[in-house]
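**Q** sequence? don't have it. structure:
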Ligand SMILES: N=CN[C@@H](CCC(=O)O)C(=O)O
Ligand SMILES: [Zn+2]
């Protein structure tokens, strides 16, 4: 068992229950986990020593929402949007066609490259989805490829999103029966989560319920893409069915916000009731679709736990940069730096129910660390777009 002391940390943002931010700090990693945190002057010895030279350290980002299994290019669709066209779910079909044509080797290499990019930007725990297969064989193929990458530690969480869109030329009810039948049977061994795009142009409330209930029955945890394009049943359904997260949340009624807040009543970080439904905000996606930014401030003020995620996908958010998403949440969504960092770390972990393992720097947790080439984390918003990630540790190992 080797240990590493990281010392001379200018600012250590722990995201622990007390939201402690330590200056002149140090920490020790042992066997992939955080073994000690405290003042640099009091740090114990370790086998190896890294001098942070006054840099800031924070938990690695937990990106709780990505779609990395895809091939093809949708830049023309993006350009048309920038010229005034609005986003519609139908573009998913374009990616599905390109993705189906890619071999296992091609898709695996594409996912690996995208994860490398995410890690290079400070992401240390990452969820990703199927959803550009949209047939029984293809969805199972994508889930199987992801399971191989999970076994290697490339991705951390896998979500089945067969209910992303009804593929062109297929009857909707027939497709839903495929999703809850042979598709679910084939992916259940590979995925821990199921998701549905509950939205105008994708799946309505009834179809979404059918998919979510069947997936829950099969033992999968639930997540929902909801309220992205307009108000709708996504949020209320997610809360009713005990989904771990509902993502996008751009268009919310007061009832939606109250339902989300109600799901957190009685929960506290140190105990109480089980966690409720996290509202995941996706600022890069909102900018790329010219949508109103998700109301993160309103949700926090109502007592809802929120996450920030990249939603990396070729249609609405072609970026894995959590630095960008967190900086944007401060600049445009009126979150404080502490709130935005928490949403991109502990909030994402809550959305994946991985909060006991990752999402904060606490003794016993996985040593997932992000060192900035800056003395303080506020530089993420103060210097947007700058290459601020200096070093990354994933489960105690230098990943960057
Ligand atoms: N909204 C649904 N799914 C993706 C976009 C899919 C696409 O357009 O390719 C999203 O999260 O934004
Ligand atoms: Zn998405």
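**A** Cool, got the structure. Note that the structure is predicted; figures quoted are calculated from it, not measured. Ligands and ions are numbered 1, 2, ... in the order given.
**Q** Now do the closest residue to ligand 1 within the stretch 201-350 of the chain, the pLDDT please.
**A** Ranked by C-beta to the nearest ligand atom, the top residue of the stretch 201-350 of the chain for proximity to ligand 1 is residue 315, at 2.4 Å. (Glycine included, C-beta is placed from N, CA and C.) The model reports residue 315 with a pLDDT of 97.
**Q** The stretch 301-400 of the chain: helices as residue ranges?
**A** For the stretch 301-400 of the chain, the helices defined by DSSP state H, counting those that start in this stretch cover 322-332, 337-344, 346-351, 379-382.
**Q** And the closest residue to the residue of the stretch 201-350 of the chain closest to ligand 1 other than its chain neighbours, what's its pLDDT?
**A** Distances taken as C-beta to C-beta, 6 or more residues apart in numbering place residue 91 nearest to residue 315, at 4.8 Å, with adjacent residues excluded. Note for residue 91: predicted pLDDT of 91.
**Q** Ramachandran angles for residue 91?
**A** Dihedral angles phi and psi of residue 91 (degrees, to the nearest 10) take the values phi -60, psi -20.
**Q** can you check residue 206 too?
**A** phi -70, psi -50.
**Q** One more: the one 4 residues further on?
**A** Summarising the backbone geometry of residue 210 under the convention degrees, to the nearest 10, its torsions are phi -60, psi -50.
**Q** wait, doesn't it sit right on residue 181?
**A** No: under the contact definition of C-beta atoms under 8 Å, residue 210 does not touch residue 181, with a separation of 11.1 Å.
**Q** higher neighbour count, these two?
**A** Ranked by neighbour count (other C-beta atoms under 10 Å), residue 210 and residue 181 place residue 210 first, with 18 against 12.
**Q** need the contact list for residue 110.
**A** 68, 69, 70, 71, 102 (C-beta atoms under 8 Å, 6 or more residues apart in numbering).
**Q** Can you tell me which of those residues lies closest to ligand 1?
**A** Of all the contacts of residue 110, residue 70 has the smallest distance to ligand 1: 7.6 Å, by C-beta to the nearest ligand atom.
**Q** Quick check: which element contains that closest one?
**A** Using DSSP states H and E, residue 70 falls within no helix or strand.
**Q** can you count the residues close to it?
**A** With other C-beta under 10 Å as criterion, residue 70 counts 26.
**Q** That one touches residue 101, doesn't it?
**A** No: using C-beta under 8 Å as the test, residue 70 is too far from residue 101 to be in contact (11.4 Å).
**Q** Save the contacts of residue 110 as a markdown table, and put in pLDDT too.
**A** Listed next are these as a markdown table, based on pLDDT from 0 to 100:
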| residue | pLDDT |
| --- | --- |
| 68 | 99 |
| 69 | 98 |
| 70 | 98 |
| 71 | 98 |
| 102 | 98 |
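**Q** got those residues as JSON lines, with distance to residue 355 columns?
**A** Listed next are the contacts of residue 110 as JSON lines, based on distance: C-beta to C-beta, whole Å:
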{"residue": "68", "distance to residue 355": "23"}
{"residue": "69", "distance to residue 355": "26"}
{"residue": "70", "distance to residue 355": "29"}
{"residue": "71", "distance to residue 355": "33"}
{"residue": "102", "distance to residue 355": "35"}
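**Q** So which of the residues you listed wins on neighbours?
**A** Top of these by neighbour count (other C-beta under 10 Å): residue 69, with 31 neighbours.
**Q** before we move on, the earlier item: among the helices of the stretch 301-400 of the chain, which is nearest residue 138?
**A** Nearest of the helices of the stretch 301-400 of the chain to residue 138, taken as C-beta to C-beta: helix 346-351 at 26.3 Å.
**Q** Tell me the helices and strands packed up against that closest one.
**A** Packing partners of helix 346-351 (3 or more C-beta pairs under 8 Å, 6 or more residues apart in numbering; DSSP states H and E): strand 61-63, strand 278-281, strand 306-308.
**Q** State the mean pLDDT of it.
**A** For helix 346-351, mean pLDDT rounds to 99.
**Q** any idea how far it is from the chain center?
**A** 8 Å (C-alpha atoms, centre = their mean, to the nearest Å).
**Q** ok, residue 89 - contacts?
**A** Residues near residue 89 by C-beta under 8 Å, 6+ apart: 165, 197, 199, 200, 201, 202, 229.
**Q** repeat that for 7 Å
**A** By C-beta atoms under 7 Å, 6 or more residues apart in numbering, residue 89 lies in contact with 165, 197, 199, 201, 202.
**Q** can you map out the strands along the stretch 1-150 of the chain?
**A** 3-13, 21-30, 33-39, 48-51, 56-59, 61-63, 123-129 (DSSP state E, counting those that start in this stretch).
**Q** got those as CSV, with mean neighbour count columns?
**A** Formatted as CSV, the strands of the stretch 1-150 of the chain follow (neighbours: other C-beta atoms under 10 Å):
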stretch, mean neighbour count
strand 3-13, 22
strand 21-30, 20
strand 33-39, 17
strand 48-51, 14
strand 56-59, 27
strand 61-63, 33
strand 123-129, 28
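**Q** Those strands into CSV, with extra columns for distance to residue 157 and mean pLDDT?
**A** Converted to CSV, the strands of the stretch 1-150 of the chain look like this (distance: least, C-beta to C-beta, whole Å; pLDDT from 0 to 100):
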stretch, distance to residue 157, mean pLDDT
strand 3-13, 23, 98
strand 21-30, 23, 98
strand 33-39, 19, 98
strand 48-51, 29, 98
strand 56-59, 17, 99
strand 61-63, 10, 99
strand 123-129, 4, 99
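**Q** need the contact list for the residue nearest to residue 289 when sequence neighbours are not counted.
**A** Spatial nearest neighbour of residue 289, chain neighbours left out: residue 87 (4.1 Å); criterion: C-beta to C-beta, 6+ apart. Counting by C-beta under 7 Å, 6+ apart, residue 87 makes contact with 81, 289, 316.
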